[in-house]
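> Turn this into a model:
(one chain, ligands or ions: 3)
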Amino acid sequence: MSQKNNNDKGRLNYQEKENFRRLLETDKVDRVEDRLKVVDTFLETEKHVTLEELQGLLRQKGYEFDPEFVRHCMSRAVDLGFAQRKTFEGQPVRYEHRHLGRHHDHLICTKCGKIEEFEDPEMEALQQRIASRHGFQMLQHKMEIYGLCSLCLAQRKPVLPLAMAKTGEAVVIKEITGGMGAKERLISLGLRPGEVLEVVSNNGEGRLIVARDCSRIALGRGLAQKIMVSPAEKQALPECKDPA
Ligand SMILES: [Zn+2]
Ligand SMILES: [Zn+2]
Ligand SMILES: [Zn+2]
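Ligands and ions are numbered 1, 2, ... in the order given. I've put the predicted structure just below:
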């Protein structure tokens, strides 16, 4: 990031802090200075922070505040339009800056939890067009893309048990391990090497649901450990039409 951008950010944060102080003063709350410390620390980070992470950042600066106080400060920051609360699937509540007149969307890694931001004017315009086609006036939207980040993707083994594949992924069966009993059961379900599956639902525990040839199959986790798969292209999945 260039020096200029950093300075701009510093100035923006300073303005926001002063703006926040004025609003707090009209609010007639107690501990204004402590509240400013919390919000200032929040404004300094560019991350999407949980309350716990924010408390950690405060602690690094030598401030020890109880979680309830930090939570309360952050709700005020949300109400006053300085922060926004984000709930990404499978993650605790996070807070991020709410800069006036700016908007971005998110990519979330379902393996390591990494959150990346993106801005795409074409995507924004497309959403406007979709809304107006339906007679909607778009006021706000959420665009979240879940998947594997480039690092997690690179670390991924080429062959892994089906039990470790992620919801939404397309995989091809490479091998079935385990005894004859398991093999026979799987073959009776049509699960044999070379078959392409869609992981419909895998929340990391209990059964998982896969689709083979346009029908859903529930598999116990133990059985899913025995099916070795590799990632496949989504295009390899059959196109499933609703029964006429
Ligand atoms: Zn957007
Ligand atoms: Zn990742
Ligand atoms: Zn963000």
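> packing partners for the helix or strand harbouring L54?
For L54, the host element (DSSP states H and E) is helix 51-60. Applying 3 or more Cβ pairs under 8 Å, 6 or more residues apart in numbering; DSSP states H and E, one finds that helix 51-60 contacts helix 32-44, helix 67-79. (Glycine included, C-beta is placed from N, CA and C.)
> Could you identify which of those helices is most buried?
Of all those, helix 32-44 has the most neighbours on average by mean count of other Cβ atoms under 10 Å, namely a mean of 18.
> Any idea how far it is from the middle of the chain?
Taking Cα atoms, centre = their mean, to the nearest Å, the mean C-alpha location of helix 32-44 is offset from the chain mean by 26 Å.
> which residues sit against it?
Residues from elsewhere that reach helix 32-44, judged by Cβ atoms under 8 Å, 6 or more residues apart in numbering: 13, 16-17, 20-21, 24-25, 29, 49, 54, 57-58, 61, 63, 65, 69-70, 73-74, 76-77, 82-83, 95, 97.
> pLDDT on it, on average?
Model confidence over helix 32-44, given as mean pLDDT, is 91.
> Can I get that helix as CSV, trimmed to CA atoms?
In CSV, the C-alpha atoms belonging to helix 32-44 read as follows (Å, rounded to 0.1, in the frame of the first residue of the first chain):
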residue,chain,number,x,y,z
VAL,A,32,-16.2,8.6,27.2
GLU,A,33,-12.4,8.4,27.1
ASP,A,34,-12.5,4.6,27.6
ARG,A,35,-15.1,4.3,24.9
LEU,A,36,-12.9,6.3,22.5
LYS,A,37,-10.0,3.9,23.3
VAL,A,38,-12.1,1.0,22.2
VAL,A,39,-13.3,2.7,19.0
ASP,A,40,-9.9,4.1,18.2
THR,A,41,-8.3,0.6,18.5
PHE,A,42,-11.1,-0.7,16.3
LEU,A,43,-10.6,2.0,13.7
GLU,A,44,-6.8,1.3,13.5
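> thinking again about what came up before, quick one: closest of the helices and strands packed on helix 51-60 to ligand 3.
Each of the helices and strands packed on helix 51-60 has some distance to ligand 3 by Cβ to the ion; the shortest is helix 32-44, at 13.2 Å.
> Same list, the helices and strands packed on helix 51-60, but as TSV with distance to ligand 1 please.
Shown next, in TSV, are those (distance: least, Cβ to the ion, whole Å):
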stretch	distance to ligand 1
helix 32-44	22
helix 67-79	19
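> Looking at these, spot the one closest to G220.
helix 67-79 (39.6 Å; Cβ to Cβ).
> quick one: what helix or strand has the residue most central in space within the chain in it?
Nearest residue to the geometric centre of the chain (Cα atoms, centre = their mean): I108, 3.4 Å. Taking DSSP H and E as the criterion, the element that holds I108 is strand 105-109.
> how far out from the middle of the chain is that strand?
For strand 105-109, the distance to the chain centre is 5 Å (Cα atoms, centre = their mean).
> Which parts of the protein belong to which domain?
Residue ranges for each domain of the chain read 3-97, 105-153, 160-236, as given by automatic domain parsing.
> Please identify which of those is closest to ligand 2.
domain 105-153 (3.2 Å).
> okay, how far is it across that closest one, tip to tip?
This stretch, domain 105-153, spans 21 Å end to end (Cα to Cα, to the nearest Å).
> could you give the mean pLDDT of it?
93.
> near ligand 1 at all, that domain?
Yes. Applying Cβ under 5 Å from the ion, one finds domain 105-153 in contact with ligand 1 at D105, M143.
> quick one: that domain to chain centroid distance?
10 Å.
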